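>>> The following block contains a protein sequence and its predicted model.
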Amino acid sequence: TSDNLYTSGAAPINSAIFTALTVEASFRPTRIDRGQGIIGKGGNPTAMAAPYQTPFTLEISPTNHVVAGLIDGSSTAREVTSTRTVVAGSWYSAAVTVSPTTLSLWLKAPGDTDYVLEATLPISGAWYPTEFNRAWVIGQIEYDPAAAGGSVGCYSVNGELDEIRISSSALSKGKFLANEPVVPGEGDSDGDGMDDAWEEQYFGGSLDQTAEGDFDHDGTSNRAEFLLGLNPADGSSRFAGSINGATLTWP
């Protein structure tokens, strides 16, 4: 709970009014069966009584569903919930898109080759139209005071977060983070960004090598060699350019 990251008080995003919005995050919970905040914006600008919705939240619920909530342009609290649940120890990527008319939640779970639309809800305006200069926070959200016997508090994440992004438009699925194309017929069962068949070919039938490792010690990571079509077991197979006069070429 000491690793939460807040935007500074002078950050323009704190007072920004969004006409559309996309919030993305990748997360790996190490503990489940409790509320956990992934990213949110603090405050209660509509002065709602508990239970209330802060301007924006992306969280894991105590029942292990992914939940996205906001206050729309009509000052109404809106919330969408994933149909699937999350488990501890696995990486997930979520994307929340907000247009003036629609709130949608997308999830990419282990084994998914693309994001899956989990839930969508009609709304009236993408953002509550009153400026409220409150911070965004990664790794925590404010929770409903009624859930804690009347005391104000927060849900902090137990696990790891990565690839956090806020965009001022409702992005299409193809532009989401962590949306790497998968070659038909090839799989990546360990989720390291390298195809299983390729790993088994070059790493002696094993999937034990990591994406960040450098099997042939040539200064290029295993995953970079995969993406560049190199041989990760041959130190002379490198991404090296050559110049001839004014012409630069590379493999």
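Perfect, I can see it now. Quantities reported herein were computed from a predicted structural model and do not represent experimental measurements.
>>> tally of neighbours for residue 219?
10 (other Cβ atoms under 10 Å). Just so you know, the C-beta spots here come from the backbone N, C-alpha and C atoms, and that holds for glycine as well.
>>> residues contacting it?
Counting by Cβ atoms under 8 Å, 6 or more residues apart in numbering, residue 219 makes contact with residue 238.
>>> Any stretches of the stretch 151-251 of the chain with poor pLDDT?
151-153, 180-186, 251 (pLDDT under 70).
>>> repeat that for 90
151-156, 172-175, 177-198, 200, 204-207, 219, 227-229, 236-242, 249-251 (pLDDT under 90).
>>> what sits against residue 38?
Per Cβ under 8 Å, 6+ apart, neighbours of residue 38: 25, 27, 58-60, 94, 138-139, 141, 157, 161.
>>> can you rerun that using 7 Å?
Contact analysis of residue 38 by Cβ atoms under 7 Å, 6 or more residues apart in numbering lists 25, 27, 58-60, 157, 161.
>>> so who does residue 226 touch?
194, 198.
>>> Relative to residue 97, how far out is it?
Residue 226 sits 30 Å away from residue 97, going by Cβ to Cβ, to the nearest Å.
>>> one step back: among the contacts of residue 38, show me the least confident.
pLDDT across those is lowest for residue 157, at 91.
>>> Surely that one touches residue 36?
Yes. Residue 157 is in contact with residue 36 according to Cβ atoms under 7 Å; the separation is 4.6 Å.
>>> Kindly tell me how buried the closest residue to residue 173 other than its chain neighbours is, as a neighbour count.
Leaving aside its chain neighbours, residue 173 sits nearest to residue 115 (5.3 Å; criterion: Cβ to Cβ, 6 or more residues apart in numbering). For residue 115, the neighbour count with other Cβ under 10 Å is 21.
>>> which residues does residue 115 contact?
95, 106-108, 173, 176, 179 are the contacts of residue 115 under Cβ under 7 Å, 6+ apart.
>>> switch to 8 Å and redo it
Here residue 115 is in contact with 93, 95, 106-108, 173, 176, 179 (Cβ under 8 Å, 6+ apart).
>>> Looking at the residues you listed, spot the one nearest residue 32.
Nearest to residue 32 out of the contacts of residue 115 is residue 107 (Cβ to Cβ; 15.3 Å).
>>> that's a helix at that closest one, yeah?
No. Under DSSP: H, G, I helix; E, B strand; the rest coil, residue 107 sits outside any helix and is assigned strand.
>>> Contact partners for the closest residue in space to it that isn't next to it in sequence?
Spatial nearest neighbour of residue 107, chain neighbours left out: residue 118 (4.9 Å); criterion: Cβ to Cβ, 6+ apart. If you count contacts by Cβ under 8 Å, 6+ apart, residue 118 has them with 66, 80-84, 105-107.
>>> Put the buried members of the contacts of residue 115 into a ChimeraX selection.
In ChimeraX, this line selects whichever of those come out buried by 16 or more other Cβ atoms under 10 Å:
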select :93,95,106,107,108,176,179
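>>> about what we covered before: the residue nearest to residue 173 and residue 215: what is the separation?
Taken as Cβ to Cβ, the span from residue 115 to residue 215 is 31 Å.
>>> Also residue 166?
From residue 166 to residue 215 the distance is 37 Å (Cβ to Cβ).
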